[in-house]
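Colleague: Fold the stuff below for me.
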Amino acid sequence: MMMMMMMMMGLRVNVACQCDVTGSTGLECDAYSGQCPCRANILGRCCDSCDENKYNVAAGCLGLYSVHRAKLTNLATWLPKICTN
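Modeller: Next up, the predicted model:
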């Protein structure tokens, strides 16, 4: 609460950066909020969590739909081959 009040008054807050090296585009954070610069689909002050319906920060927060779609397409290719054997 105190930090928020200081930020609203325009006072510099000394926040230690803990930017995730995978999820952020740089290691320097905002001097007032401590927010790190996040890559697309990555959230959090430290850029260490994925946006909704995304997973795997290390891979760039993949969309669940695209991953499952690729698996279904692969299954659709193999299913007729399995059924004929």
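
Colleague: hey, where'd the strands end up in this protein?
Modeller: 42-43, 49-50, 54-55, 62-63 (DSSP state E).

Colleague: So which elements touch the last one?
Modeller: Contacts of strand 62-63 with other secondary structure elements, assessed using 3 or more Cβ pairs under 8 Å, 6 or more residues apart in numbering; DSSP states H and E, are made with strand 54-55. Yep, even glycine has a C-beta here, placed from its N, CA and C like the rest.

Colleague: can you check the third one too?
Modeller: Contact analysis of strand 54-55 by 3+ Cβ pairs under 8 Å, 6+ apart lists strand 62-63 as its packing neighbours.

Colleague: ok, the residue nearest to residue 56 when sequence neighbours are not counted - how many residues close by?
Modeller: Nearest non-adjacent residue to residue 56, counting by Cβ to Cβ, 6 or more residues apart in numbering: residue 62, 5.5 Å away. When counting by other Cβ atoms under 10 Å, one arrives at 16 neighbours for residue 62.

Colleague: now residue 62: how far from residue 27?
Modeller: 24 Å (Cβ to Cβ, to the nearest Å).

Colleague: distance of the residue nearest to residue 56 from residue 53?
Modeller: For residue 62, the distance to residue 53 - Cβ to Cβ - is 10 Å.

Colleague: any idea of the mean pLDDT for stretch 59-79?
Modeller: For stretch 59-79, mean pLDDT is 73.

Colleague: I'd say residue 21 and residue 27 touch.
Modeller: Yes. Judged on Cβ atoms under 8 Å, residue 21 makes contact with residue 27 at a distance of 7.1 Å.

Colleague: Show the model's pLDDT score for the most centrally placed residue in the chain.
Modeller: The centroid of the chain falls nearest to residue 42 when counting by Cα atoms, centre = their mean (2.1 Å). With respect to pLDDT, residue 42 scores 94.

Colleague: same deal with residue 23?
Modeller: The model's pLDDT for residue 23 equals 94.
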